[in-house]
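In: The following block contains a protein sequence and its predicted model.
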Amino acid sequence: MNDTISYLYSLESRGIKLGLQRTKKLLESCNKPQKKLRCIQIAGTNGKGSVSAMIASSLSLLGYNVGLYTSPHLISLRERIRINGKPISYKEINLLIEKHKKSIEKNQASFFETMTMLAFNHFINKKVDIAILETGLGGKHDSVTMCNPDLVAFTPISMDHKEILGNTIEKIAEEKFGIIKDKTPIFSSEQNDKVLKLLRIKAKNKVCPLFICEYDKKIQPKFLKGEHQQKNAKLAYDIISYLFKIKGAKLIQAIEKTNWYGRYQVLKKKPLIIFDVGHNEDGINSFIDEYKKENIIGNKYLIIVLQKRKKLKKTKESLNAIFDKIICSQTNNKNSMKAEELIKFFDKKSIIVKDVKKAIIKINKKLKKNDSLAIIGSHYLGESIRSVYKNNFEKLKNKY
């Protein structure tokens, strides 16, 4: 890890800082790159990374120069900032940090605020036609919201990050809808009735055209399984159709080619080994819905990690019923839930193996041809997955 990357990671000690004032001052010191950037901003609870990737990958295949900003990453923070699938280089990060470090320190910018500044500058420097920006946490106070989007979009909104965003679906939606700008088109997946009612009010008050994207199964992503990904694909299709006037088979084929690692990713077929970053109840339920379709006649093993404060009230019964053995583990991330806390969600078939890499290796040795292993719960599993399964992220260097 070079000195600049170490410096960036050191900014994580400043924690999550909600509010736009630091980002505003930081971007002002960079000549306001966000003002020159054509972009689409995506918010929501689950699926916003997948939708962002689908839009960026498709437009790139169709000949556009496309920036993509997402979080978190699986292997390297370079993945967060990409153009046509290619991550930002260490050289470019070094140059940008060297140029703007005084302002980063002066404003005590957080890790995410600094990464957002790097993304905006990188996209402007490389003259992208458009940037697809995934909102980090919430919306109203998220640094990405400093952008001036051509369009904003919402994936399904549900209960998550209650300790930060609020303890009701309405409060969480209110935070997410903070990205809406006056007279800016809004696209949304189908939403909870309470969320949709609030969205309609927001759109009316801001004089924004509102489009609700209804699921119709016409797009079947090749690498992204599940009904939720088909819904994500429809949202991506409608957004591209609206902004770029591209429709039909050509666009569908482009979207269907999108590959986005860690989303029901099949690492091996015999035995079946699956990696899924679903990290809240809705995300894990989507994994469960797809996993139930598998014809597994052998033993079913689950390795699960979660971040602190996550809950499994609605999903623990399904996981207990489906899997023959559940291994509770944790990552090195400071916000990882302790395995001793995680195991409280599960019945007597569960055990603790704190080192997640050792847990994966241990179960791999037990697996027979007709068995399966699911490894779920966090993006921070990425490094252990790569270490054990070697080449399953090889395209991260160059492609989606």
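Out: Yep, that arrived.

In: The closest residue to K362 other than its chain neighbours: what secondary structure?
Out: In this structure, K362 finds its nearest non-sequential neighbour in V353, 6.4 Å apart by Cβ to Cβ, 6 or more residues apart in numbering. Where you see a C-beta, it was placed from the backbone N, CA and C, and this is true even at glycine. Here V353 is recorded as strand under DSSP: H, G, I helix; E, B strand; the rest coil.

In: One more: N232?
Out: Look at N232: counting by three-state DSSP, its state is helix.

In: Could you pull up the contacting residues of it?
Out: By Cβ atoms under 8 Å, 6 or more residues apart in numbering, N232 lies in contact with G47, S50, V51, M54, T155, S189, L224.

In: ditto for D182
Out: The contact partners of D182, by Cβ under 8 Å, 6+ apart, come to K206, V207, C208.

In: In TSV: those residues, plus secondary structure and neighbour count.
Out: Converted to TSV, the contacts of D182 look like this (DSSP: H, G, I helix; E, B strand; the rest coil; neighbours: other Cβ atoms under 10 Å):
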residue	secondary structure	neighbour count
K206	coil	15
V207	coil	9
C208	coil	19
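
In: Which of those residues sits closest to K369?
Out: Lowest distance from K369 to the contacts of D182 (Cβ to Cβ) belongs to C208, with 54.2 Å.

In: Surely the closest one touches K183?
Out: Yes - with contacts counted by Cβ atoms under 8 Å, C208 reaches K183, the gap being 6.1 Å.

In: Okay, strands next: where are they in this structure?
Out: Listed in chain order, the strands of the chain (DSSP state E) span 39-43, 66-69, 81-83, 86-87, 130-134, 151-154, 186-189, 210-213, 265-268, 272-276, 300-304, 325-330, 350-355, 372-376.

In: In JSON lines: these, plus mean pLDDT.
Out: What follows is those, written out as JSON lines (pLDDT from 0 to 100):
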{"stretch": "strand 39-43", "mean pLDDT": "98"}
{"stretch": "strand 66-69", "mean pLDDT": "98"}
{"stretch": "strand 81-83", "mean pLDDT": "97"}
{"stretch": "strand 86-87", "mean pLDDT": "95"}
{"stretch": "strand 130-134", "mean pLDDT": "98"}
{"stretch": "strand 151-154", "mean pLDDT": "98"}
{"stretch": "strand 186-189", "mean pLDDT": "98"}
{"stretch": "strand 210-213", "mean pLDDT": "97"}
{"stretch": "strand 265-268", "mean pLDDT": "95"}
{"stretch": "strand 272-276", "mean pLDDT": "97"}
{"stretch": "strand 300-304", "mean pLDDT": "98"}
{"stretch": "strand 325-330", "mean pLDDT": "96"}
{"stretch": "strand 350-355", "mean pLDDT": "96"}
{"stretch": "strand 372-376", "mean pLDDT": "98"}
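
In: Let me have those in JSON lines, adding mean neighbour count and distance to Q229 as columns.
Out: As requested, the strands of the chain are exported to JSON lines (neighbours: other Cβ atoms under 10 Å; distance: least, Cβ to Cβ, whole Å):
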{"stretch": "strand 39-43", "mean neighbour count": "26", "distance to Q229": "15"}
{"stretch": "strand 66-69", "mean neighbour count": "27", "distance to Q229": "17"}
{"stretch": "strand 81-83", "mean neighbour count": "25", "distance to Q229": "20"}
{"stretch": "strand 86-87", "mean neighbour count": "19", "distance to Q229": "23"}
{"stretch": "strand 130-134", "mean neighbour count": "27", "distance to Q229": "16"}
{"stretch": "strand 151-154", "mean neighbour count": "26", "distance to Q229": "16"}
{"stretch": "strand 186-189", "mean neighbour count": "23", "distance to Q229": "12"}
{"stretch": "strand 210-213", "mean neighbour count": "17", "distance to Q229": "14"}
{"stretch": "strand 265-268", "mean neighbour count": "16", "distance to Q229": "12"}
{"stretch": "strand 272-276", "mean neighbour count": "23", "distance to Q229": "12"}
{"stretch": "strand 300-304", "mean neighbour count": "24", "distance to Q229": "21"}
{"stretch": "strand 325-330", "mean neighbour count": "24", "distance to Q229": "25"}
{"stretch": "strand 350-355", "mean neighbour count": "16", "distance to Q229": "29"}
{"stretch": "strand 372-376", "mean neighbour count": "25", "distance to Q229": "16"}
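
In: So for E341, which of those sits nearest?
Out: strand 325-330 (8.7 Å).

In: Also compute the angle for the closest one relative to strand 300-304, please.
Out: Angular relation of strand 325-330 and strand 300-304 on a 0 to 180 degree scale: 10 degrees, by axes from the mean of the first three to the mean of the last three Cα atoms, to 10 degrees.

In: Parallel or antiparallel, which strands does strand 325-330 pair with?
Out: strand 300-304 (parallel), strand 350-355 (parallel) (DSSP bridges).

In: Take the ones you listed and lay them out in JSON lines including distance to Y291.
Out: Compiled in JSON lines, the strands paired with strand 325-330 are given as follows (distance: least, Cβ to Cβ, whole Å):
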{"stretch": "strand 300-304", "distance to Y291": "9"}
{"stretch": "strand 350-355", "distance to Y291": "17"}
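
In: do you know which of those strands lies nearest L133?
Out: Taking Cβ to Cβ, strand 300-304 is the member of these nearest to L133, at 30.2 Å.

In: gap between the closest one and the chain center?
Out: Distance, stretch centre to chain centre, for strand 300-304: 22 Å (Cα atoms, centre = their mean, to the nearest Å).

In: Skipping adjacent residues, who's closest to I97 in space?
Out: Per Cβ to Cβ, 6+ apart, closest to I97 is T4, 5.0 Å.

In: so what's the one you found up against?
Out: Going by Cβ under 8 Å, 6+ apart, T4 touches Y90, I93, N94, I97, E98.

In: Apply 10 Å and report the result again.
Out: Counting by Cβ atoms under 10 Å, 6 or more residues apart in numbering, T4 touches Y90, K91, I93, N94, L95, L96, I97, E98, K101.
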